[in-house]
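**Student:** my questions are about this predicted structure, shown below with the sequence.
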Amino acid sequence: RQGTGLRKLGKTADEFQQDLLSNLFYRRGTTVESASARDAYETLSLTVRDRLAERRARTAAAHYASNPRWVYYLSAEYLLGAQLEQNLLYSGTGDLAAEAVKALGFSLEDLEDLDVEPGLGNGGLGRLAACLVDSLATRDIPAVGYGIRYDLGIFRQIITENGQTELPDDWAFHGNPWEFPAPDDRQAVGFYGHTEPIPGSETRKIWVPGEIVLGEPSHMLVPGYGTETVNIVRLWSAKASEASFDLSRFSAGQYAEAVQEAVRAENISKVLYPDDSTELGRELRLKQQYFLVSCSLRDIVRRFRLRNEGWDTFAEKTVIQLNDTHPTIAIPELMRLLVDEYELEWDRAWEITRKTFAYTCHTLLPEALETWPVRMFEKLLPRHLEIIYLINMLFLREVEARFPGDHDRLRRMSIIGEEGERRVRMAHLAVVGTEAVNGVAELHSKLLRETVLDDFAELWPAKFQNVTNGVSPRRFIKIANPRLSDLITEGLGGEGWLRDLDRLAELEHLAGDASFAERWQSIKRANKVDLGLGDPDSLTDVMIKRFHEYKRQQLKLLHVITLYHRIRANPGGDWIPRTILFAGKAAPAYHAAKDIIRLIATVAARIEADPVVSPYLKVVFPSNYNVTLAERIIPAADLSEQISLAGKEASGTGNMKLALNGAITIGTLDGANIEIRARVGAENFFLFGMDAYQAAQTRINGYDPRHFYEHDAELRAALDTLASGIFGDVGHRVAGSLLGWDEYLTLADYRGYIEAQEEVERAWREPARWTRMSILNTAHSGFFSADRTVADYAARIWRVAPVPVQHED
Ligand SMILES: CCc1ccc([C@H](C)CC(=O)N[C@@H]2O[C@H](CO)[C@@H](O)[C@H](O)[C@H]2O)cc1
């Protein structure tokens, strides 16, 4: 430590207090007397950050000394969640902080309410990235997450009777104490322009961009839990090059024009695209993707060349995971750097590139698989299009050799789609240019091999893998549900389970213990009281996820209407009080999903106002679902709704978080539901509906939703009520789409779903049985830890090993 400049950061309450006060004075420039809550929050954050930065310094030293193989995670989205509570837990300073801020006249809770949640993602894909970087650090694996620092994150959602309204999310409006801007690591990124041949070289070209934008990184610390490792996430924001301000126009009074180029440049990282399943093909989105990729690859190459090793070790020292197709342009970009800038031979460069990348696919929806118009590529990235053409030509030669004369196969597999407007198929480029392709749950990976990417799986079967998703047990149990966490720690004799989640299985023998079960139940009730959105003794039935017709929030709505009818038909019946909680955002341009949100809000208000039904049924829809709200809702849930049409939800991760917190799943054989049911036991899972193959067959055989309308009286009554106009024309529209095409076979699965809900009610009437099922769901969900997911990637795709970081002396 001598001469390292690393200050000894005290562990005692006094020393922590000292640090807090000196940060208030020297870094916040204020005094105890005039300190505001924001002063206290910023100061506490810096004081905690210092302790993580100290570990970061030791981590960097250990990584430099061991010259390891690095994992680089490229993702257009990260849903990191609120930072303060996590960093207090991971730095072990929670109690010290609570004491110290009291002296400033604040409580930790006050300050946690000021904590930022960087909403730099849409949903599952973005949150998975956050859970994986957390587990990479916890498993001591050297890694960097690269992303975009959007000024405006996922929109803030307001829910009224008219449905969803979107407001900009200026998440860092008050600044963000958890990041370290690093302007000295800026990278220049080119766009547009043209290419020029290089005399004597048939593969190398010069690219003369028409526009240059600067990428400025700022990194956030990613501490491991119960270990010393602190990795980083590096987020790029677009800056205009110095020369962009047009002084002559300014002095001519053309102020807007003077800054226009700067605005254009900075627009690249201005806002996150709020779509999570339909590509809109906007040029700015492709610009964002190339911006992320170009900055990150230059940074990765800079870090590699610091060690002066030859290019042949690049793929040994580097594995780059592509989080869906969004960063796939990285493949031709690395080829451009190696061939055009570092003058490697094409074949050698291609060998290195293919060995460096791996691709994770997160969807099965055809409309979510990105394809970009060739003409847009030609304009925006002319050199990359040339490189893609050459990659495709050599690839099709390989296919031709393997399947001679099979022209239809060549057309199907080509990276360039020739139907109609010519388009670059990013998923095909991702498969061709990577060493490994994986789905995110067993069924998903199987369907990828059998459907979307079947030709590629036939050509390269060994390339296709499965890595089932996982979630962070620290954020989604320890931080979200401290009561349950403490009970588990008591039951298992220590907190080891937080780093070894399979140990939850030891809870099985407590499932029959009446006092343990009683405490388990009372914790769930206390969490419901905290949530304060419904009667804590009611069955809390939760559907929390992005709105999409394949996720079938519309099916849940049909259940609500059916319950509404049943209760009105028999007001004195022995009805189980139920609180049905919806939460989630819809992409602003996804009108069918927004209709469902609006209809739910209208139905909720009508039930609330109905004296016969409201004593038994309450529909709540808290707005602006995000990571922080998820942490509040999940511990309070009894029933977890995972009712997507089988074959559509790649995995789901909310299903895992809810099961880990003792919620019992009602669901279809889709995504990771299948693996949850296999592990918690069929008797602890409410199953219904067609499986993926039956669903596909139903569509092939010709599906007539009206058949179910005509042959199911309750379904007909529910649809008639929706269409009756009492819920406005939105009800009519939703009923119309279900009776018209019903893309996701909602009506076909209705009766099975209603019967499963009746099974739910029978189980709920036996509290001991329900609590036992709840405990066993938690006990057998250890597999769904993101630590296990990372261990799978590390062993089967990344081939990396942990690098221990020594404790401070
Ligand atoms: C082009 C627009 C776009 C944007 C995002 C996406 C994501 C892939 C959508 C997404 O978040 N997928 C979800 O990923 C989770 C993590 O693997 C899975 O658990 C979910 O099942 C899957 O829907 C697709 C298309």
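**Tutor:** Here it is on my side, so go on.
**Student:** for the residue lying closest to Tyr150 once chain neighbours are set aside, grab the count of nearby residues.
**Tutor:** Leaving out its chain neighbours, the residue that sits closest to Tyr150 by C-beta to C-beta, 6 or more residues apart in numbering is Leu272, at 4.4 Å. For every residue, glycine as well, the C-beta is placed using N, CA and C. Using other C-beta atoms under 10 Å, Leu272 is surrounded by 22 other residues.
**Student:** which residues are in contact with Leu272?
**Tutor:** Contact analysis of Leu272 by C-beta atoms under 8 Å, 6 or more residues apart in numbering lists 77, 119-122, 148, 150, 152-154.
**Student:** nearest to Pro197, of those?
**Tutor:** Comparing the contacts of Leu272 against Pro197 with C-beta to C-beta places Ile148 closest, at 33.4 Å.
**Student:** what does the protein have sitting close to the ligand?
**Tutor:** Residues of the chain lying near the ligand by C-beta under 6 Å from any ligand atom: 122-125, 128, 275-277, 279, 324, 362-363, 368, 370, 440, 469, 649-653, 671.
**Student:** what strands line up against the longest strand anywhere in the chain, and which way round?
**Tutor:** If you go by DSSP state E, the chain has its longest strand at strand 211-223. Strand 211-223 pairs in its sheet with strand 179-181 (antiparallel), strand 187-191 (antiparallel), strand 230-240 (antiparallel), by DSSP bridges.
**Student:** next, the buried residues of it.
**Tutor:** 211-223 (16 or more other C-beta atoms under 10 Å).
**Student:** tell me which of the residues you listed is nearest to the ligand?
**Tutor:** Checking the buried residues of strand 211-223 against the ligand by C-beta to the nearest ligand atom gives Val222 as the nearest, at 18.5 Å.
**Student:** isn't the closest one right up against Asp134?
**Tutor:** Yes - look at Val222 against Asp134 with C-beta atoms under 8 Å: they come within range, at 6.5 Å.
**Student:** between the longest helix anywhere in the chain and strand 211-223, how many degrees?
**Tutor:** Determined from DSSP state H, the single longest helix within the chain is helix 37-66. For helix 37-66 and strand 211-223, the angle between their directions (axes from the mean of the first three to the mean of the last three C-alpha atoms, to 10 degrees) works out to 90 degrees.
**Student:** for the record, mean pLDDT for helix 37-66?
**Tutor:** Helix 37-66 comes out with an average pLDDT of 97.
**Student:** for that helix, name the packing helices and strands.
**Tutor:** helix 13-26, helix 84-91, helix 94-103, helix 108-112, strand 211-223, strand 230-240 (3 or more C-beta pairs under 8 Å, 6 or more residues apart in numbering; DSSP states H and E).
**Student:** re earlier: pick out whichever of the buried residues of strand 211-223 sits closest to Ile352.
**Tutor:** Within the buried residues of strand 211-223, proximity to Ile352 (C-beta to C-beta) peaks at Gly215, which comes in at 23.3 Å.
**Student:** residues contacting Tyr709?
**Tutor:** 715-716, 719, 739, 747.
**Student:** using ChimeraX, define a selection of the buried residues within those residues.
**Tutor:** Listed next is the ChimeraX selection for buried residues among the contacts of Tyr709, using 16+ other C-beta under 10 Å:
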select :715,719,739,747
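**Student:** give me the pLDDT value at Arg423.
**Tutor:** With respect to pLDDT, Arg423 has a value of 97.
**Student:** now it: how far from Val437?
**Tutor:** Relative to Val437, Arg423 is positioned 20 Å away (C-beta to C-beta, to the nearest Å).
**Student:** who has more neighbours, those two?
**Tutor:** Taking other C-beta under 10 Å, Arg423 and Val437 do not tie; Val437 has more neighbours (24 against 20).
**Student:** returning to what we had before: and the longest strand of the chain, how far out from the chain's middle?
**Tutor:** 20 Å (C-alpha atoms, centre = their mean, to the nearest Å).
**Student:** now do it against helix 84-91, angle only.
**Tutor:** Using the same axes, to 10 degrees, strand 211-223 lies at 60 degrees relative to helix 84-91.
**Student:** can I get the CA coordinates of strand 211-223 in CSV?
**Tutor:** Output in CSV follows, covering the C-alpha atoms of strand 211-223 (Å, rounded to 0.1, in the frame of the first residue of the first chain):
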residue,chain,number,x,y,z
GLU,A,211,-19.0,12.7,-40.2
ILE,A,212,-17.0,12.1,-37.0
VAL,A,213,-18.5,11.9,-33.5
LEU,A,214,-16.6,11.5,-30.3
GLY,A,215,-17.5,8.8,-27.8
GLU,A,216,-16.8,9.7,-24.1
PRO,A,217,-16.9,6.8,-21.6
SER,A,218,-18.0,7.0,-18.0
HIS,A,219,-17.8,3.9,-15.9
MET,A,220,-19.8,2.6,-13.0
LEU,A,221,-18.3,0.2,-10.5
VAL,A,222,-19.7,-3.4,-10.4
PRO,A,223,-18.7,-4.9,-7.0
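**Student:** start at 15, not 1
**Tutor:** OK, 15 is where the count begins now, so the last one is strand 225-237.
**Student:** just for the chain, where's the confidence low?
**Tutor:** Within the chain, the segments meeting pLDDT under 70 span 15-22, 294, 822-823.
**Student:** can you name the residue of it nearest the ligand?
**Tutor:** Gly138 (2.7 Å).
**Student:** spatially, and excluding backbone neighbours, which residue is closest to that residue.
**Tutor:** Among residues not flanking Gly138 along the chain, Thr667 sits closest, at 5.5 Å (C-beta to C-beta, 6+ apart).
**Student:** swap in Thr482?
**Tutor:** Closest residue to Thr482 apart from its sequence neighbours, by C-beta to C-beta, 6+ apart: Ala455 at 5.1 Å.
**Student:** surely that neighbour touches Ala664?
**Tutor:** Yes - judged on C-beta under 8 Å, Ala455 makes contact with Ala664 at a distance of 6.4 Å.
**Student:** okay, the two: which has more neighbours?
**Tutor:** More crowded of Ala455 and Ala664, by other C-beta under 10 Å: Ala664, with 29 against 25.
**Student:** pretty sure the more buried one is in a strand, no?
**Tutor:** No - under DSSP: H, G, I helix; E, B strand; the rest coil, Ala664 falls outside any strand and is assigned coil.
**Student:** tell me the contacts of it?
**Tutor:** Here Ala664 is in contact with 138, 375-378, 453-455, 458, 685 (C-beta under 8 Å, 6+ apart).
**Student:** so which of those belong to strands?
**Tutor:** Those of the contacts of Ala664 mapping onto strands are Gly453, per DSSP E.
**Student:** any idea how far Asp354 is from Pro211?
**Tutor:** When Pro211 is compared with Asp354 (using C-beta to C-beta), they lie 11 Å apart.
**Student:** now for those two: what residues contact both?
**Tutor:** 219-220.
**Student:** who's more crowded, these two?
**Tutor:** Ranked by neighbour count (other C-beta under 10 Å), Pro211 and Asp354 place Asp354 first, with 20 against 10.
**Student:** residues contacting the closest residue to that one other than its chain neighbours?
**Tutor:** In space, Asp354 comes closest to Arg218 once its chain neighbours are excluded; the distance is 5.4 Å by C-beta to C-beta, 6+ apart. Taking C-beta under 8 Å, 6+ apart, we find Arg218 in contact with 212, 353-354, 357.
**Student:** rerun that using 6 Å as the cut-off
**Tutor:** By C-beta atoms under 6 Å, 6 or more residues apart in numbering, Arg218 lies in contact with 212, 353-354.
**Student:** in strands only, show me the residues you listed.
**Tutor:** Ile212.
**Student:** tell me which residues of stretch 266-285 are tucked away?
**Tutor:** Buried residues in stretch 266-285 (16+ other C-beta under 10 Å): 272-273, 275-276, 278-280, 282-283, 285.
**Student:** since that was my last question, I'll sign off now.
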